[in-house]
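J.: kindly return the folded structure for what I paste below:
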Amino acid sequence: MKNYEKPVIITNDEIAEGVYAASGDCYTFTAEIKQKPEIGRGDYRIQVNGKHDAADNHHSSERTVQITFNMNVKYKNSLAQTVIGDGTSMLTLTYVDGVNGSYHNNGHENIGLGDLFVEADPGLAITGVSCTYCNHTCTYAGH
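T.: Numbers count the residues shown, from 1 in each chain. Have a look, this model is predicted:
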């Protein structure tokens, strides 16, 4: 048997992008800054993905994702049906079946929720992402 080695956490305050992953009730979400503002475009583009890993194999036709940042952001666009928190450091996005390209999840399935577009000052970083609601139902006929 191997000896236990305590994990070491290394921080770098100069890094303001990368993948942030966190789990919720039955989802594990990732959010990654894919593009920073450039000449002619003033927004950050963030890819949001989820893995539905329902222990009871439930279906999900609606999910709510909470993303927090190190500064206030101005919401520009996403595939979410509703967004709460524009102008703050925390956005709450609700995705519903068949609305804006969002879709149904089976019990064990990956989901690409697409790009989230926000405007913010230089140095934006994602500090958290989680699923705060999964409706545990399916609105599709036959499921």
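J.: and for the nearest residue to Tyr133 once chain neighbours are set aside, the neighbour number?
T.: Closest residue in space to Tyr133, ignoring its immediate chain neighbours: Thr64 at 3.8 Å, by Cβ to Cβ, 6 or more residues apart in numbering. Heads up, the C-betas are built off the backbone N, CA and C, glycines and all. Using other Cβ atoms under 10 Å, Thr64 has 20 other residues around it.
J.: with Cys134 instead?
T.: So Cys134, with other Cβ under 10 Å, has 21 neighbours.
J.: that one pairs with what?
T.: Arg63 (DSSP bridges).
J.: what pLDDT is listed against it?
T.: Note for Cys134: predicted pLDDT of 82.
J.: can you pull the contacts of it?
T.: Gly24, Asp25, Cys26, Tyr27, His52, Ala54, His58, Ser60, Glu62, Arg63, Thr64 (Cβ atoms under 8 Å, 6 or more residues apart in numbering).
J.: what of Gly107?
T.: For Gly107, the contact set (Cβ under 8 Å, 6+ apart) comprises His52, Asp53, Ala54, Asp56, Asn57, His58, His59.
J.: apart from its neighbours in sequence, what residue is nearest it?
T.: Asn57 (3.5 Å).
J.: which residues does the one you found contact?
T.: Asn57 neighbours (Cβ under 8 Å, 6+ apart): Asn106, Gly107, His108.
J.: tabulate those (JSON lines), appending pLDDT.
T.: Shown next, in JSON lines, are those (pLDDT from 0 to 100):
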{"residue": "Asn106", "pLDDT": "80"}
{"residue": "Gly107", "pLDDT": "79"}
{"residue": "His108", "pLDDT": "83"}
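J.: returning to that earlier point: Cys134 versus the residue nearest to Tyr133, what's the distance?
T.: 8 Å (Cβ to Cβ, to the nearest Å).
J.: please pull out the lowest mean pLDDT helix or strand from this protein.
T.: strand 19-23 (a mean of 46; mean pLDDT, DSSP states H and E).
J.: then the following helix or strand past that one to PDB, C-alphas only?
T.: Using DSSP states H and E, the helix or strand that directly follows strand 19-23 along the chain is strand 27-35. Provided in PDB are the C-alpha atoms of strand 27-35 (Å, rounded to 0.1, in the frame of the first residue of the first chain):
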ATOM      1  CA  TYR A  27     -24.300  17.900 -12.900                       C
ATOM      2  CA  THR A  28     -20.700  18.700 -13.200                       C
ATOM      3  CA  PHE A  29     -20.200  22.000 -15.100                       C
ATOM      4  CA  THR A  30     -17.100  23.500 -16.700                       C
ATOM      5  CA  ALA A  31     -16.800  27.100 -17.900                       C
ATOM      6  CA  GLU A  32     -13.800  28.300 -19.900                       C
ATOM      7  CA  ILE A  33     -12.900  31.700 -21.200                       C
ATOM      8  CA  LYS A  34     -12.200  30.900 -24.900                       C
ATOM      9  CA  GLN A  35     -11.700  34.500 -26.200                       C
END
